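Asks: dropping the sequence and predicted coords here.
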Amino acid sequence: MKLVVFGSTGRVGGSIVTQGLEAGHEVAAYTRPASVGRLPAGVEIHRGELDDAGAIAGAVAGADVVLSGLGARKNTPDQVPMLAGAYEQICAAMAEAGVQRLVAISGSATRLPGERVSFGRGVVRLIMKVLGRHILGANEAAAEVILGTGLEWVLVRPPQIVDGEPTGKRVADRDGTASMRITVGDVAAFMLESASSDEWVRAAPFVSAP
C-alpha cells in the first residue's frame, strides 16, 4: 500500500513511518520544511504547512490510505482552529483524490457527539478540562470534522502514550480503556493494522495496554 502520513515527525507519526517502511509499504510523509531532516531514508517527502491546500492535495494524490498523528502542539486557544482546519484540508483533499481510508489519532478524553461518558472517562475529561482544555477542544473539533465526512475513518483514542516499541499486547474496545497507558509503538501498530482492516471503520476505538 501507499501510505501518506501527516504528523510524520512526531512520536506517533514517526513510529507509523518507521513501522510502515519495515512492513514494506510505500510511505510518503507530509512535513513542515524545517522538520525534513528528522525523516528516515526511503520516505517520499512532501513539504508544506497544515493550511497549504495545494501541498496537501499533492501529498494525498495517489495514496491508498492516509494516517495522521496530528495533535495540538500546546495548550493554547489557537490550536483548536489549527487542528480542525488541518483536517478540513486533509479530508477535502482525500475526497477530491478518491482516497477513502483515514486513520487518525485522538485521545481517550475525546467525546464524540451524542456519546455517553462513563464515570471513569468523566473524571479523565474533568482533568483534561482543567489541565489541557484547549488540547481537548482541538481533539473534539477535529473529530467533528472527521465524523462529518463520508470517508472510511478510524479515530484511535489511546490514554497516556509512553515511549516504547510495539509489544503486540494491546486491547481495543468501544467502551473505554483497559489501562491508563500504551506505548507509542503499539499505538502506531494498531493504526497501521487499521489501514487495511475493516474492523473499526467509522468507529473510535479506545486502545490501551491490557
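Replies: Yep, that arrived.

Asks: so how far is the helix or strand of the chain with the lowest mean pLDDT off the chain centroid?
Replies: When the helices and strands of the chain are scored by mean pLDDT, DSSP states H and E, helix 119-131 comes last with a mean of 88. Computed by CA atoms, centre = their mean, to the nearest Å, the chain-centroid distance of helix 119-131 equals 21 Å.

Asks: okay, the residue of the chain most remote from its centre and R11: tell me how far apart.
Replies: Centroid-distance maximum for the chain: F119 at 25.3 Å, with CA atoms, centre = their mean. For F119, the distance to R11 equals 29 Å [CB to CB, to the nearest Å]. No exception for glycine: its C-beta is placed from N, CA and C like everyone else's.

Asks: what packs against the longest helix along the chain?
Replies: Looking across the chain with DSSP state H, the single longest helix is helix 79-97. On a contact count with 3 or more CB pairs under 8 Å, 6 or more residues apart in numbering; DSSP states H and E, helix 79-97 meets helix 53-60, strand 65-68, strand 101-105, helix 133-147.

Asks: 6 Å instead, please
Replies: helix 53-60, helix 133-147 (3 or more CB pairs under 6 Å, 6 or more residues apart in numbering; DSSP states H and E).

Asks: could you give the angle of the shortest one to strand 101-105?
Replies: The one in question is helix 53-60. Put simply, helix 53-60 runs at 110 degrees to strand 101-105, going by axes from the mean of the first three to the mean of the last three CA atoms, to 10 degrees.

Asks: circling back to that earlier point, just give me how far the longest helix of the chain sits from the chain centre.
Replies: Worked out by CA atoms, centre = their mean, helix 79-97 lies 12 Å from the chain centre.

Asks: next, the buried residues of it.
Replies: Of the residues in helix 79-97, 79-80, 82-84, 86-94, 97 count as buried by neighbour count, 16 or more other CB atoms under 10 Å.

Asks: kindly report the same for stretch 135-146.
Replies: Under 16+ other CB under 10 Å, the buried positions of stretch 135-146 are 135-143, 145-146.

Asks: out of the buried residues of helix 79-97, flag the one nearest to T110.
Replies: L83 (11.6 Å; CB to CB).

Asks: quick one: contacts for that closest one?
Replies: 72, 138, 142 (CB atoms under 6 Å, 6 or more residues apart in numbering).

Asks: same question, G176
Replies: 118, 121, 206.

Asks: out of these, who's nearest A57?
Replies: Once CB to CB is applied, the member of the contacts of G176 that ends up nearest A57 is F206, at 32.2 Å.

Asks: what residues are up against that closest one?
Replies: With CB under 6 Å, 6+ apart, F206 has these contacts: 108, 157, 173, 176-177.

Asks: adding pLDDT, write these out as TSV.
Replies: Formatted as TSV, the contacts of F206 follow (pLDDT from 0 to 100):
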residue	pLDDT
S108	95
R157	98
D173	95
G176	90
T177	91
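
Asks: go through the helices and strands packed on helix 79-97 and name the closest to G185.
Replies: Across the helices and strands packed on helix 79-97, closest to G185 is helix 133-147 (CB to CB), at 21.4 Å.
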